[in-house]
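Colleague: what follows is a protein structure lacking sequence information:
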């Protein structure tokens with residue numbers, strides 16, 4: 001299914017890469033360490049950029065938070081999207097991240113715009 005998302009992005013002339021977001025955390029003892037979170041797709045088309053996460057399902061709040069984690073650590077103003085394989089209603093999370101069902105994404109790939 002990720003290949004379908006990748007192919008659709010390429011059809012809309014995006015250059016698609018995988019990204020990593022690094023951020024600083026503290027452990028239980030207060031020691032700082034760096035953690036890395038993967039971004040499934042970093043999509044560039046000219047001056048445009050969209051960050052896309054792919055999830056099979058978002059059955060609960062914990063899964064939503066897990067999928068949003070890397071996107072929330074990106075501090076630029078580009079669009080952030082989660083594409084969900086199951087029949088999820090498309091909309092926005094409380095953090096302003098666009099959530100699209102795979103069906104909506106494939107039927108109207110420009111819904112990213």
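Modeller: Looks like it arrived, so ask away. All figures in this text were calculated on a predicted structure; none of them were measured in a lab.
Colleague: show me what residue 91 bridges to in the sheet.
Modeller: Applying DSSP bridges to residue 91 gives these bridge partners: residue 99.
Colleague: so residue 71 touches residue 97, yeah?
Modeller: Yes: when contacts are counted by CB atoms under 8 Å, residue 71 is listed as touching residue 97 (5.7 Å). Backbone N, C-alpha and C define where each C-beta goes, glycine included.
Colleague: residue 12 - how many residues pack around it?
Modeller: By other CB atoms under 10 Å, 13 other residues sit near residue 12.
Colleague: would you confirm that it contacts residue 45?
Modeller: Yes: the criterion here is CB under 8 Å, and residue 12 meets it with residue 45 at 7.3 Å.
Colleague: low-confidence stretches in this structure?
Modeller: 109-113 (pLDDT under 70).
Colleague: now do the strands in it.
Modeller: Remark: strands assigned in the chain by DSSP state E are 15-26, 32-45, 48-55, 79-84, 91-92, 98-101.
Colleague: which of those strands sits most buried?
Modeller: strand 79-84 (a mean of 22; mean count of other CB atoms under 10 Å).
Colleague: what's the angle between that one and strand 48-55?
Modeller: 30 degrees (axes from the mean of the first three to the mean of the last three CA atoms, to 10 degrees).
Colleague: note down every partner strand of strand 79-84 and its orientation.
Modeller: Strand 79-84 has these strand partners (DSSP bridges): strand 48-55 (parallel), strand 98-101 (parallel).
Colleague: what would the ones you listed look like in a markdown table with distance to residue 34?
Modeller: As requested, those are exported to a markdown table (distance: least, CB to CB, whole Å):
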| stretch | distance to residue 34 |
| --- | --- |
| strand 48-55 | 20 |
| strand 98-101 | 28 |
